[in-house]
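Asker: Could you look at this predicted model? Sequence included:
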Amino acid sequence: MMKHILDRPIWSALETAHADLAEGNEDARRYPPSIVPFAASADDRPESLDALENLPSREESMILVEAGPIAIPPSLAIVTEASVVQMVAERPHARISDPRIQPLTEADAADMLDLATLTKPGPFTLRAQSLGSFWGIKSEGRLVAMAGQRMRQTGYIELSGLCTHPDFQGRGLGTLLFRFVAGEIASSGDTAYLHAYAANTSAISLYKTHGFALRSEMNMRVVKRRP
């Protein structure tokens with residue numbers, strides 16, 4: 001049973017704020033793979049797992065994230081799995097401004113994907129902006145840092161896609177964008193949250209410094225159809 005709306009964040013998002021993006025039915029849903037390869041079953045009932053099994057094609061992988069153990073049908077194989085932490089803002093962050101920060105648009109999509117491919121902040125596609133707003137910092141027209149919004153649930157928005165080009169790290173750009181996006185989320189009346197790999201202790205410590213607290217340990221599995 002889901003005790004908190006963020007225990008099954010993918011399902012909760014596709015059932016509420018991102019319902020218009022959902023593929024599937026009342027038993028299992030996913031985002032369009034061209035946007036993000038996230039999927040979830042409503043629960044662990046056989047009917048839900050059967051519906052989850054039918055979502056991907058043979059070539060597609062899906063990412064599942066849940067607070068408890070992740071059940072999958074026998075026809076899906078685990079490609080990889082990891083421990084993740086989910087952190088939530090303990091207080092609303094103040095809205096800030098900085099002339100270096102600018103909203104990113106569809107015209108920036110290729111540069112955003114290039115930066116994400118280089119720095120690997122998490123799953124990212126050319127259509128990532130379908131999920132929420134993104135902001136970035138450019139140097140001589142080159143995108144060097146960005147952050148934005150990904151999953152949404154009632155009362156919550158995920159802060160995601162935070163990354164800085166290696167040539168521009170150590171200048172505080174990531175921290176600035178982190179604070180900016182957290183402030184934008186708070187200004188909308190929602191609570192910011194994020195996910196990080198449990199092994200990334202330096203990032204977790206940084207997030208704690210900026211007012212985020214551990215809400216739950218999470219499990220992540222990447223699955224695909226068995227041959």
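Answerer: Alright, I've got the coordinates.

Asker: ok, for residue 196, nearest residue in space, not its chain neighbours?
Answerer: Leaving aside its chain neighbours, residue 196 sits nearest to residue 203 (5.1 Å; criterion: CB to CB, 6 or more residues apart in numbering). To be clear about C-beta, it is placed using only N, CA and C from the backbone, and glycine gets the same treatment.

Asker: which other residues reach whatever helix or strand the one you found lives in?
Answerer: Assessed by DSSP states H and E, residue 203 sits inside helix 201-209. If you take CB atoms under 8 Å, 6 or more residues apart in numbering as the criterion, helix 201-209 is touched by 85, 87, 175, 178, 194, 196-198, 214.

Asker: Any chance of CSV for those residues, columns secondary structure, neighbour count and distance to residue 94?
Answerer: Listed next are these as CSV, based on DSSP: H, G, I helix; E, B strand; the rest coil; neighbours: other CB atoms under 10 Å; distance: CB to CB, whole Å:
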residue, secondary structure, neighbour count, distance to residue 94
85, strand, 21, 24
87, strand, 22, 18
175, helix, 15, 14
178, helix, 21, 13
194, strand, 23, 18
196, strand, 21, 23
197, strand, 14, 28
198, coil, 15, 29
214, strand, 14, 22
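
Asker: which two of those lie the greatest distance from each other?
Answerer: 175 and 198 (21.4 Å; CB to CB).

Asker: What ranges in this protein fall below the confidence cut-off?
Answerer: 1-2 (pLDDT under 70).

Asker: which stretches of it form strands?
Answerer: Using DSSP state E, the strands of the chain run over 23-24, 28-30, 39-41, 61-66, 76-89, 101-103, 134-139, 142-153, 156-164, 191-197, 212-225.

Asker: quick check: angle from the fifth one to helix 201-209?
Answerer: Meaning strand 76-89. 30 degrees (axes from the mean of the first three to the mean of the last three CA atoms, to 10 degrees).

Asker: Could you check how far the closest residue to residue 211 other than its chain neighbours is from residue 173?
Answerer: Once flanking residues are discounted, residue 211 sits nearest to residue 90: 5.3 Å by CB to CB, 6+ apart. Going from residue 90 to residue 173 by CB to CB, to the nearest Å gives 24 Å.
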